[in-house]
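Undergrad: can you look at this prediction? I've put the sequence above it.
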Amino acid sequence: MTIEELYAAIDSDYNEVLSRLINATLIVRLVKLYKNDANYASLCAGMEERDREKIFTASHTIKGLALNLGFKDLAATAAELCEATRNSYAENVPALFEAVAGEQKKVMDLIDQLD
């Protein structure tokens, strides 16, 4: 799978990312580095511990990384989770976490398929 096909599969705009990051090689390298990012593991730990601050911090960081890389659906779901834990632990946090988990899995599976 090419990087362009990855972005098409997640319904994101590769050309928009390219216009910001300028270099296709850099985009591929950053996308592959995302695979090793520890924030999702921290988010999962925060959910297990019901640690609002850890969930907020991890979801906020995932949102930023996803926005920078053009993973718009992951960014949107992480943003919702981030807001649901900004000042309290809202009752919809588990459902929002599941949405983030689904988007994260989709992105990770596609990264695994990159050439």
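TA: Looks like it arrived, so ask away.

Undergrad: in the helix or strand containing T61, which residues are buried?
TA: In the assignment (DSSP states H and E), T61 maps to helix 52-69. Of all the residues in helix 52-69, those buried under the rule 16 or more other CB atoms under 10 Å are 52, 54-63, 65-66, 69. (Each C-beta comes from the backbone N, C-alpha and C, glycine too.)

Undergrad: so what does it touch, helix or strand wise?
TA: Using 3 or more CB pairs under 8 Å, 6 or more residues apart in numbering; DSSP states H and E, the elements in contact with helix 52-69 are helix 24-34, helix 39-49, helix 72-84, helix 93-112.

Undergrad: from the contact counts, what lies against the first one?
TA: This means helix 24-34. Identification of packing neighbours for helix 24-34 by 3+ CB pairs under 8 Å, 6+ apart yields helix 3-9, helix 14-21, helix 52-69, helix 93-112.

Undergrad: which helices and strands does the shortest one pack with?
TA: Spelled out, that is helix 3-9. On a contact count with 3+ CB pairs under 8 Å, 6+ apart, helix 3-9 meets helix 14-21, helix 24-34, helix 93-112.

Undergrad: gap between the longest one and the chain center?
TA: This points to helix 93-112. 7 Å (CA atoms, centre = their mean, to the nearest Å).

Undergrad: got the buried residues for it?
TA: Within helix 93-112, judged by 16+ other CB under 10 Å, the buried ones are 93, 96-97, 99-100, 103-104, 107, 110-111.

Undergrad: let's have these in CSV, adding distance to Y40 and pLDDT.
TA: Shown next, in CSV, are the buried residues of helix 93-112 (distance: CB to CB, whole Å; pLDDT from 0 to 100):
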residue, distance to Y40, pLDDT
V93, 16, 97
L96, 14, 98
F97, 11, 98
A99, 13, 98
V100, 8, 98
E103, 10, 98
Q104, 6, 98
V107, 10, 98
L110, 15, 97
I111, 12, 97
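
Undergrad: which of the residues you listed lies closest to C44?
TA: Using CB to CB, F97 comes nearest to C44 of the buried residues of helix 93-112, at 8.4 Å.
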